[in-house]
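Student: need a 3D model of the sequence below.
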Amino acid sequence: MFPRNPFTKALFDARRSLAVWAIAITAVGSMYAAFWPSIQTPQMQDALAAYPKGLLEAFNYDDLTSAAGYLASSVYGLLVPLLVAVFTITAGTRAIAGDEEAGTLDLVLAHPVGRTRLALHRFAALLLGVAVVTGLLCLAMIALSGPAQFDGVTAGEFGAITVQLLLFGGFFGALAFAVGAATGRKGLTLGLSAAVAVLAYLANSVIPQVEGLSWARNLSPFHWYLGGEPLVNGVQISGALLLLGTMAALVAAGTWAFTRRDVTV
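Tutor: Model (predicted):
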């Protein structure tokens, strides 16, 4: 039977995939973080110094001389945010477009639940899922602080970058949610959201290396997330507000479009 609360139903339906994503992202982040002691060796530092500066910047490896710099680059600067983006884009696509293409959305809407409520509750469940994933990663990093010698990085600083990562994931989840809610097309939603994610990464790391295009970085959600070094300087208010504001606007636009179109049966 369809429950009265679409929020708890969405969480229940996603429980297995959420557990897998949370464990996988935490495991990947922890694995890369645990490499920090070996990065400090003179041999590794000499090897890294031999790499072209542009190549290191393209992979967000700007500072590998401190624990905070290494974590911000190798863990929070590349693989983890990409995995979080994939997770949230997948979840955002599934929120509306997944059910619609599967032919089950009309059955859901036949129950006494309005479209606006359904959409907002499903996005809220997505956002809670991102909080679980990023929170578990944060706890793992704090637990590794002693054994992996993350000198100078406090629990508060891990909390700050976790907030930024949560909003970053929420942005891409909201993008996929909005496109899926507006179109009902799963393939289009995945393709467009993935394209935006790739373009956003390039705008933050590769495109600014071209003379005269450094301004592109300011348009990238990756820069809103990592700019200002939250793992060193705490939550970056401007970046956090940009992520939060665009996320809210996307959810509002997607919900509005969903309430005003015919649902594919």
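Student: Gly159: neighbouring residues, count only.
Tutor: Neighbours of Gly159 under the rule other C-beta atoms under 10 Å: 16. Quick note: C-beta positions are derived from backbone N, CA and C, even for glycine.
Student: quick one: contacts for it?
Tutor: Contact analysis of Gly159 by C-beta atoms under 8 Å, 6 or more residues apart in numbering lists Cys138.
Student: Provide the secondary structure category for it.
Tutor: In three-state terms, and counting by DSSP: H, G, I helix; E, B strand; the rest coil, Gly159 is helix.
Student: and the residue positioned nearest the centre of the chain, what element?
Tutor: In the chain, the C-alpha nearest the mean C-alpha coordinate belongs to Gly169, at 2.4 Å (C-alpha atoms, centre = their mean). Using DSSP states H and E, the element containing Gly169 is helix 155-183.
Student: what's the next secondary structure element after that helix?
Tutor: helix 186-205.
Student: pLDDT (mean, whole number) over the following helix or strand past that next one?
Tutor: Tracing the chain C-terminally past helix 186-205 and defining elements by DSSP H and E, one meets helix 221-226 next. Averaged across helix 221-226, the pLDDT comes to 94.
Student: ok now the helix holding Gly169, how far from the chain's centre?
Tutor: If you compare the mean C-alpha spot of helix 155-183 with that of the full chain, they lie 5 Å apart, counting by C-alpha atoms, centre = their mean, to the nearest Å.
Student: and it, what's buried?
Tutor: Buried residues in helix 155-183, counted by 16 or more other C-beta atoms under 10 Å: 157-183.
Student: angle of it against helix 186-205?
Tutor: On the basis of axes from the mean of the first three to the mean of the last three C-alpha atoms, to 10 degrees, helix 155-183 is oriented at 140 degrees to helix 186-205.
Student: low-confidence ranges, the stretch 51-200 of the chain, go.
Tutor: Counting by pLDDT under 70, the stretch 51-200 of the chain contains low-confidence residues at 51-64.
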